[in-house]
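> no letters, just coordinates:
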């Protein structure tokens, strides 16, 4: 069973490893996030064991089965079962019932999304969100990628701006100024997963940021000022 370790990294759970769920899992893993993934398909789960040891084959998504995996210890769980509406709704209900703080659920229609929202989930619509993602990437050449998990949880991958090179994490102060957290820094293939306040930004640093969409957009505007 998965247990949360004592650090500040966000822990994400992903249920359903179709195209959307698998792509999301690989992207979060590449950003250095800790994951727990669940699917009934053993082959799909096996593939994700390359990036997380917390990959489980679960045939029934009832409360007991979910609790046995430890997914209740995640900061956010994303339900990526859009096509099987009944399973999606029941799984979302069970996650809320076992006390998961943030449940994000994929919907494939407005009606499906309305039900999920009433259960307490934050709802995403992949096709619409892909359009938002593309628009965000086009807003500035510095943005290398963008994932919108919800209005409150977004991940942005950006090239370090010139005005930040030579400054420390503490001096740039993204958390206080924009409500953003740096979850990883990549440079020439090397990834720093635990970023300390005295880290000095270098040329070609790629930042993985998490925060609200408003905070990320505010940071983009500061970059272009």
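It's in. What you are looking at is a predicted structure, and each value in this text was computed from that prediction instead of being measured. Numbers count the residues shown, from 1 in each chain.

> buried set for the helix or strand containing residue 93?
Residue 93 is part of helix 85-97 when elements are defined by DSSP states H and E. Neighbour-count burial for helix 85-97, with 16 or more other CB atoms under 10 Å as criterion, is recorded at 85, 87-89, 91-95. (Each C-beta comes from the backbone N, C-alpha and C, glycine too.)

> now those as a markdown table including distance to residue 62 and pLDDT?
Formatted as a markdown table, these follow (distance: CB to CB, whole Å; pLDDT from 0 to 100):
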| residue | distance to residue 62 | pLDDT |
| --- | --- | --- |
| 85 | 17 | 91 |
| 87 | 11 | 94 |
| 88 | 14 | 94 |
| 89 | 13 | 95 |
| 91 | 9 | 96 |
| 92 | 13 | 96 |
| 93 | 11 | 96 |
| 94 | 6 | 96 |
| 95 | 11 | 96 |
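
> ok, residue 167 to residue 215 distance?
The spacing between residue 167 and residue 215, counted by CB to CB, to the nearest Å, is 19 Å.

> okay, the two: which has more neighbours?
residue 215 (21 against 14; other CB atoms under 10 Å).

> now find how far off-centre the helix or strand where the more buried one lies is within its chain.
Using DSSP H and E, residue 215 maps to helix 213-224. Its chain's C-alpha centre lies 19 Å from the corresponding centre of helix 213-224 when counted by CA atoms, centre = their mean, to the nearest Å.

> now do it: which elements does it pack against?
strand 143-148, strand 154-159, helix 174-178 (3 or more CB pairs under 8 Å, 6 or more residues apart in numbering; DSSP states H and E).

> quick one: contacts of the helix holding residue 93?
15, 61-63, 66, 71, 77, 79, 81-82, 103, 105-108, 112, 115-116, 119-121 (CB atoms under 8 Å, 6 or more residues apart in numbering).
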